[in-house]
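Chemist: build me a model from this:
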Amino acid sequence: MNNSGSKRSWQQRWDRNLFILCLVVLGVTVAYPTFRLAAAALRLWQWDVVLEGSGREAIVNTLWICLVSVFTSGVVGTALAFFVTRFRFPGRNMLSALAYLPFALPPLVGTLSFYYLIGTDGFFPRLVHQIQGHDDFSITGPLAILVVHTYSFMVYFYAMVSASLEGMDVSQVEAARTLGASQTRAFFKVTVPHLMPALMGASLLSFMTSGASFSAPLFFGQDFPYLSVQIVTERGQFNEGGSVTLSFVLAMVALIGVLLFRSGHVTSGNASKGSPREVKSTSGRLITGALAWGFMAVLLLPQMTILWLSLVNHREWFDELVPTMFTFDNYLNLFREDSAFRPIRNSIWMSLVAAGGTLLVGLPAAYLIGRNRAGGKWINLMIMLPWALPGTVVAMNLIVAFNDRWLPIHGTIWMLPIAYFVRFIPLLTRMATASVQNFDASLIQAGQTLGASWGYCFRRIVLPLMAPSLAAATALVFASSLGEYVATVLLYTPSNLPISIQIEQAMRGAGGLGTAFAYSFLLMLMVTGAFMLSRRLGSRSI
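Modeler: Next up is the predicted model:
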């Protein structure tokens, strides 16, 4: 009895210490900055920024772009999910793998590739000029932003709808057809309700990511004000009241997305899941194969554009449709001087610090949440708060909070690792929580019953079983931090200049276009490698 009471007392102290750790770290980095921004917005509120001029246009533009982005990415992603999961055709396996490519494309790099595909000096405008002689053809403004958003966010719908379709019991549809329902009626009465949680979840992700979008509106929206860009503009003009006011409004836009697309429905898979239908006719295989390879070409086009342009001698490429002068100097220049390589080194060490920090805090938080320990609900609330806030708002939170005399961190090299930690702590915690919930605690009890200490059980039982999923989550945070750009714009200093900012500066003349594309391709390689490592490790998790 005394032994049982001692174990219970030890467990309570352990839980309390973990709760205090998470509460202090998340309180300082998440809750306190959010409260400070809200207080600053109420104190410095500027109605003219919200109701007049570019600020008002930015609010309206952001809202309708978010809604249309959900629609366009939903149509493309859902259609692709049905195409891949319901039919078997030439190139199906390769298409299903390449469909995740937008995940591994950093936002700035993706936007840069589209800018040189459809923008003013892009390949398609050059092609139109060669064929028809038009000099002013280009895709810019809201249409270009929607193109980038559709490519980037359709993967949310593809991933979630595909998983839902693969877990769907096709016998329900067959039963509806047997009872006399038409194919259309069976689709809307059986299939759509089953897919609704996936559709709503993907819609929420698309809406919130669209609201947080920065690089696409920055590159393509010169005459199209957008909230995330307008916040940076107001701050650049030293209008603190306007920047915190619009930050608060952008946070409310994200909240609107949560209210619009939240879903309380839960679906589960069943045993009779069916299999993809084989396309047997020659014409059908030709059509589906052409569609598959055409879609793969579209998916690969941004990556291939970055690779191609990173090898071009841009000083010799003027009005020709296809460049003819190539060089490796764009890459060699990055390694010849320490100042050129420093942004790569900065991004790597800051991403490693952020990934390590999210693991050290996210794992205890996942334990408290997944095991329903005391205080777990409060920790979960603080963990998920950054997930609902755009990166621009997270950056403004940290600027307002850490610009005090008692917490003078603003302007130091640590602001970016902290921002990466805040932005991606929800990602690691959710993945770790799933691992904690799936872990069978009776394994530890069995080990202790046989005389093993808690430390031995942790090393030989807990760690081997949970390590793959934790490593996958950490690699995913590292990859996401490497490509982060939205919060970075507001928080970087010359001492910790990362790759994303170096790319932008190189595009504007500090190094040249060739250097910008070489940085972009290296960043894309690092992010893709980290994502592939995350998926490989995640496939081994419990």
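
Chemist: ok, and what's touching stretch 306-316?
Modeler: For stretch 306-316, the surrounding residues in contact (C-beta atoms under 8 Å, 6 or more residues apart in numbering) are 109, 112-113, 116, 323-331, 512-514, 517-518, 520-521, 524. No exception for glycine: its C-beta is placed from N, CA and C like everyone else's.

Chemist: mind doing that once more with 7 Å?
Modeler: 109, 113, 116, 323, 325-327, 330, 512-514, 517-518, 520-521, 524 (C-beta atoms under 7 Å, 6 or more residues apart in numbering).

Chemist: next one: stretch 288-296
Modeler: L80, F87, F89, P90, G91, R92, M94, L95, L98, V279.

Chemist: in helices only, show me those.
Modeler: L80, R92, M94, L95, L98 (DSSP state H).

Chemist: so which of these is the most crowded?
Modeler: L80 (23 neighbours; other C-beta atoms under 10 Å).

Chemist: for the residue nearest to that residue when sequence neighbours are not counted, list the residues it contacts.
Modeler: In space, and not counting its chain neighbours, L80 is closest to Y158: 5.1 Å by C-beta to C-beta, 6 or more residues apart in numbering. Contact partners of Y158, counting by C-beta under 7 Å, 6+ apart, are G77, L80, A81, A99.

Chemist: distance check, Y158 against M431.
Modeler: 20 Å (C-beta to C-beta, to the nearest Å).

Chemist: ditto for L195
Modeler: The value you get for L195 to M431, if C-beta to C-beta is used, is 23 Å.

Chemist: which helix or which strand is home to A41?
Modeler: helix 32-43 (DSSP states H and E).

Chemist: buried set for the next helix or strand after that helix?
Modeler: Moving toward the C-terminus from helix 32-43, the first helix or strand encountered (DSSP H and E) is helix 47-51. Within helix 47-51, the residues scored as buried using 16 or more other C-beta atoms under 10 Å are V49, V50.

Chemist: can you tell me what sits against helix 47-51?
Modeler: G55, R56, I59, G242, T245, L246, V249.

Chemist: before we move on, back to that, the contacts of stretch 288-296: which two are farthest apart?
Modeler: L98 and V279 (19.1 Å; C-beta to C-beta).

Chemist: out of the contacts of helix 47-51, which are buried?
Modeler: Here, 16+ other C-beta under 10 Å leaves G55, I59, G242, T245, L246, V249 buried among these.

Chemist: now the two most distant members of those.
Modeler: Across the buried ones among the contacts of helix 47-51 (C-beta to C-beta), the longest gap, 12.6 Å, separates I59 and G242.

Chemist: so where's the stretch 101-250 of the chain shaky on pLDDT?
Modeler: 133-136, 169-174, 176-177, 179, 181 (pLDDT under 70).

Chemist: try it again at 80.
Modeler: Along the stretch 101-250 of the chain, the model assigns pLDDT under 80 to residues 120-122, 125-138, 163, 165-192, 194.

Chemist: any idea how far stretch 484-500 is from the chain center?
Modeler: Relative to the chain's own centre, stretch 484-500 is displaced by 17 Å; criterion: C-alpha atoms, centre = their mean, to the nearest Å.

Chemist: average model confidence for it?
Modeler: The pLDDT scores in stretch 484-500 average 90.

Chemist: for it, measure first residue to last.
Modeler: Stretch 484-500 has an end-to-end distance of 7 Å (C-alpha to C-alpha, to the nearest Å).

Chemist: and for stretch 311-324?
Modeler: Span of stretch 311-324 from end to end, C-alpha to C-alpha: 10 Å.

Chemist: what about that stretch, average pLDDT?
Modeler: Stretch 311-324 comes out at a mean pLDDT of 73.

Chemist: kindly report the same for stretch 50-68.
Modeler: For stretch 50-68, mean pLDDT is 92.

Chemist: check stretch 254-261 too.
Modeler: Here the average pLDDT along stretch 254-261 is 80.

Chemist: what about it, distance to the chain center?
Modeler: On C-alpha atoms, centre = their mean, the centre of stretch 254-261 falls 17 Å from that of its chain.

Chemist: next, the buried residues of that stretch.
Modeler: A254, I256, G257, F261.

Chemist: L385 against Y32, yeah?
Modeler: No: the criterion here is C-beta atoms under 7 Å, and L385 misses it with Y32 at 11.4 Å.

Chemist: more crowded one of those two?
Modeler: L385 (19 against 16).

Chemist: distance of the more buried one from A432?
Modeler: Distance from L385 to A432, by C-beta to C-beta: 17 Å.
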